[in-house]
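Peer 1: Provided below for reference: sequence and predicted model.
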Amino acid sequence: MGVYFNPSNESFTQARNSQIYVDKTGLLEYLNKRISTEEKCIALSHARRFGKSHAAGMIDAYYSLGCDSTKLFEDTKIAESSDFKKYMNKYNVIHLDISSFWDFYKDNIVEKIVEYICDEIREVYEDKIDYSKMIHLVLMSVYRISNNPFVIIIDEWDCVIRNSNDKELVHRYLQFLQSMFKSEESKSFLALAYITGILPIKKIQDESALNNFREYTMLDSYPITEYFGFTEDEVRELCEKYDMDFESTKAWYNGYLIDGKHMYNPNSVSMAMDRHKFDSYWKNTSSFASINTFITMNYDGLKDDIMTMLAGGKVRVNTNSFQNDFSTVASKDDALTALIHLGYLGYDADRKTAFIPNYEVATAFEAALQIGEWKDIAKIISRCDELLFATIDKEADKVAEIIEQAHDTYTSVLKYNDENSLSCVLTMAYFTAPAYYDIIREHPAGKGYADFIFKPRANAGWRPAMVVELKYNKSADTAIKQIKEKRYQGALTGYGDKILLVGINYDAEGEDKKHHACVIEEWME
C-alpha cells in the first residue's frame, strides 16, 4: 500500500464518511465495460470542484490491490452490478496528481514522478526489477511478475501543458505519458487509464501521446455526465434532507446544461447544505483572474455579449475554433469557449449558445467587473441592493434615479429605444434580486403578460412580492393602471403577503434630461 503505487482507499473512505455523500459509483460500472478494450483510455476535462478528484479516489478504492474495499462499497450502486466483485481490488494502480509535483519540481518533474513511482515499487519487489530502465519497462516487469495489469489515474494531467513555456520540458512530459499509454508494452500492462484536466486535450504538433483517449468535456460528456456534478434529483433529495428550499438552491447553483442534463456545482451545493446558507462558495476555491483575463480582451462584440448574458440573455458561440489552450485565445468565440470550460459560462449544445448559468456565477462576474473599462458598470451594479430596498420602501423617485443611472451606463451596449431594451436594463438594475426572488419576465397573468413578476423565495424573509410593468413614451401611471385593469397581480394568486405594483416609464423626450418616472403602490384587494 503506497501513495502513488497501489494506494489505499483512504480518500474514498473519507468521502463516504462525510456528512454529505452522493453515490456516484455508477461510474465504475461504465469503466468496467472498458477494462482492457480499445476504449480503455478516458480523458475528463471539467471545471474545478465538479467531482473529478472525488471520482479518482473512488477508482483507487475500487481497483487498487493495496486495499480491501468490500465493506466500503456495500450499499452502493456498483454493488448491484453482476460484475461488482470481478474487478474490485484486482489491479495494480498508479495514481498521480501532477499539480502537487509541479509545485515542487517544475524543472525536473518527469524525473521526480518516475523516482517516486519506482521508490514505492521497490518497497514491494526489491531487486526483482531493473529500476534503471524506462518507466514503461518497469511497469511491464511488475505486470509480468504479478500477472495483474495496471489502472493508471492522473489528476491535473494538463498542469504542465497549461503552465510551462519550456518546449523541451513539455516534450519530455508528453513522452512520459506516451510510454504509459501508447508504448508497445502498455498494450499488455494497461487495463484502464483515467486522466483529468481543466481543458480538453491540446493537439501538439508531432506529439501523439494522448490521441487514443476518449474525451468528455463541459461541452459534451455523454454518457457519464451525471457522475460529475449533482443532478437535479440528487439536489432535490439533499434539500429535503437538510430542510433547504429547492427553488433557491436551483437559482444559486443550477444552470450547467450538459447533454440535456441540468448539473449543479457539487462543492457549492454541499457547502450550502452544510452551512444552511446560500452564498457564493465557489469563488473561495477558484481563481477569478481567468474571468478578468477573458472579459477584458478587446475583441469586437465581446463586451456586448457579456452584457447580454449579464442581463439574462444567451449569445451564439462557435466552440470549434478554440485550440484548448489559454495562451492562444484569438477571438471572441475563443474567450467565451474558455469560460465555458472553466465553468464560468453554461453552454446549450442544441442551440450553440452560452449563458451565465446561475446566481453564484453571476456574483463572480460582478467581482470581476471591478477593473478597467468595466468600472462604470461595476459601480451601478453596486447600487442594485440600494435599488431593491428603495423599491420595497416605495421610494419611487429614488428608484427612477437609480434606473436613470443604469440607463446612462448601459445605453452604449444595450440599444436603448423601446420596452424590450428597458426590460434588459431593469434586469441589470435588479442584478442582485435573484438571490431572493424568482424573477419571471413576460409572465402570463390576468388578461395579458406582466413584464416582470418578483416572487419571493423561501429565503427572502420580509421582502414583498412585486409586479413591474414597463412603458415607453407613456407614463408610470399608465403602467400601474394596466397592471390593475389586466389583473397582472393574479400571477401571485395564493401569495398571502404584501404585493407591490411598480410602474416604470421611459420618456425619450423627458424634461431636463430626466427620462424615467416611477410609481409604486401597495396592492389591496
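Peer 2: Received the coordinates, thanks. Numbers count the residues shown, from 1 in each chain.

Peer 1: pLDDT score assigned to the residue nearest to residue 20 when sequence neighbours are not counted?
Peer 2: Computed as C-beta to C-beta, 6 or more residues apart in numbering, the closest residue to residue 20 that is not its neighbour in sequence is residue 270, at 4.6 Å. Where C-beta positions appear, they are placed from N, C-alpha and C, glycine not excepted. Looking at residue 270, its pLDDT reads 96.

Peer 1: burial count for residue 270?
Peer 2: 21 (other C-beta atoms under 10 Å).

Peer 1: what does the one 4 residues further on give?
Peer 2: Residue 274 has 13 neighbouring residues, counting by other C-beta under 10 Å.

Peer 1: Could you pull out the buried residues of the strand or helix carrying it?
Peer 2: In the assignment (DSSP states H and E), residue 274 maps to helix 266-275. Neighbour-count burial for helix 266-275, counted by 16 or more other C-beta atoms under 10 Å, picks out 266-273.

Peer 1: Dump the residues you listed into a markdown table; add distance to residue 78 as well.
Peer 2: A markdown table is the format used below for the buried residues of helix 266-275 (distance: C-beta to C-beta, whole Å):
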| residue | distance to residue 78 |
| --- | --- |
| 266 | 19 |
| 267 | 23 |
| 268 | 26 |
| 269 | 23 |
| 270 | 21 |
| 271 | 27 |
| 272 | 28 |
| 273 | 24 |
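
Peer 1: Which residue lies closest in space to the residue nearest the centre of the chain, excluding its sequence neighbours?
Peer 2: Note on the chain: the residue nearest the mean C-alpha position is residue 343, at 3.4 Å, using C-alpha atoms, centre = their mean. Spatial nearest neighbour of residue 343, chain neighbours left out: residue 47 (2.7 Å); criterion: C-beta to C-beta, 6+ apart.

Peer 1: Please confirm that that neighbour is located within a helix.
Peer 2: No - counting by DSSP: H, G, I helix; E, B strand; the rest coil, residue 47 is not part of a helix but coil.

Peer 1: Against residue 33, how distant is it?
Peer 2: 26 Å (C-beta to C-beta, to the nearest Å).

Peer 1: Compare neighbour counts for these two and give me the winner.
Peer 2: Taking neighbours as other C-beta under 10 Å, residue 47 and residue 33 compare with residue 47 leading, 20 against 11.

Peer 1: what are the phi and psi values for that one?
Peer 2: Dihedral pair for residue 47: phi -60, psi 160, per degrees, to the nearest 10.

Peer 1: what pairs with the nearest residue to residue 39 once chain neighbours are set aside across the strands?
Peer 2: Excluding the flanking residues, the one nearest residue 39 by C-beta to C-beta, 6+ apart is residue 214, at 5.9 Å. Beta-bridge partners recorded for residue 214 (DSSP bridges): residue 42.

Peer 1: what's near enough to touch residue 214?
Peer 2: 39, 41-43 (C-beta atoms under 8 Å, 6 or more residues apart in numbering).

Peer 1: how close does it sit to residue 40?
Peer 2: 9 Å.

Peer 1: now residue 111
Peer 2: According to C-beta to C-beta, residue 111 and residue 40 sit 27 Å apart.

Peer 1: any weak-confidence spans in this structure?
Peer 2: Applying pLDDT under 70 to the chain flags residues 206, 208, 283-289, 372, 411-421, 446-447, 510-514, 524-525.

Peer 1: and the top helix by length along it, what does it pack onto?
Peer 2: Secondary structure assigned by DSSP state H gives helix 109-125 as the longest helix of the chain. Secondary-structure packing of helix 109-125 (3 or more C-beta pairs under 8 Å, 6 or more residues apart in numbering; DSSP states H and E): strand 92-97, helix 98-102, helix 135-146, helix 167-181.

Peer 1: tilt between it and strand 92-97?
Peer 2: Interaxial angle of helix 109-125 relative to strand 92-97 (axes from the mean of the first three to the mean of the last three C-alpha atoms, to 10 degrees): 150 degrees.

Peer 1: Spit out the contact partners of residue 362.
Peer 2: By C-beta under 8 Å, 6+ apart, residue 362 lies in contact with 310, 356, 431, 434.

Peer 1: tell me the SS of it?
Peer 2: helix.

Peer 1: that older thread, if I look at the residue nearest to residue 343, how far off is residue 207?
Peer 2: 25 Å.

Peer 1: coming back round to it: which of the contacts of residue 362 tops the neighbour count?
Peer 2: In terms of neighbour count, residue 431 stands highest of the contacts of residue 362 at 26 neighbours, by other C-beta under 10 Å.

Peer 1: Was I right to think that residue contacts residue 310?
Peer 2: Yes - counting by C-beta atoms under 8 Å, residue 431 does reach residue 310; the two are 7.3 Å apart.

Peer 1: rewinding a little: looking at the helices and strands packed on helix 109-125, spot the one closest to residue 242.
Peer 2: strand 92-97 (30.7 Å; C-beta to C-beta).

Peer 1: where's the closest one relative to the chain centroid, distance-wise?
Peer 2: Chain-centre distance of strand 92-97: 26 Å, with C-alpha atoms, centre = their mean, to the nearest Å.

Peer 1: same for that strand, what does it pack against?
Peer 2: Under the contact criterion of 3+ C-beta pairs under 8 Å, 6+ apart, strand 92-97 touches helix 52-63, helix 109-125, helix 135-146, strand 150-155.

Peer 1: make it 10 Å
Peer 2: helix 52-63, helix 109-125, helix 135-146, strand 150-155, strand 190-197 (3 or more C-beta pairs under 10 Å, 6 or more residues apart in numbering; DSSP states H and E).

Peer 1: Please tabulate the ones you listed in CSV, including the columns mean neighbour count and distance to residue 26.
Peer 2: CSV is the format used below for the helices and strands packed on strand 92-97 (neighbours: other C-beta atoms under 10 Å; distance: least, C-beta to C-beta, whole Å):
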stretch, mean neighbour count, distance to residue 26
helix 52-63, 24, 11
helix 109-125, 17, 30
helix 135-146, 19, 29
strand 150-155, 24, 18
strand 190-197, 25, 15
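
Peer 1: Quick one: these as TSV, columns for distance to residue 254 too.
Peer 2: Listed next are those as TSV, based on distance: least, C-beta to C-beta, whole Å:
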stretch	distance to residue 254
helix 52-63	20
helix 109-125	38
helix 135-146	43
strand 150-155	26
strand 190-197	23
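
Peer 1: Can you say which of the ones you listed is nearest to residue 455?
Peer 2: Comparing the helices and strands packed on strand 92-97 under C-beta to C-beta, the one sitting nearest is helix 52-63, at 35.1 Å.

Peer 1: Good, wrapping up.
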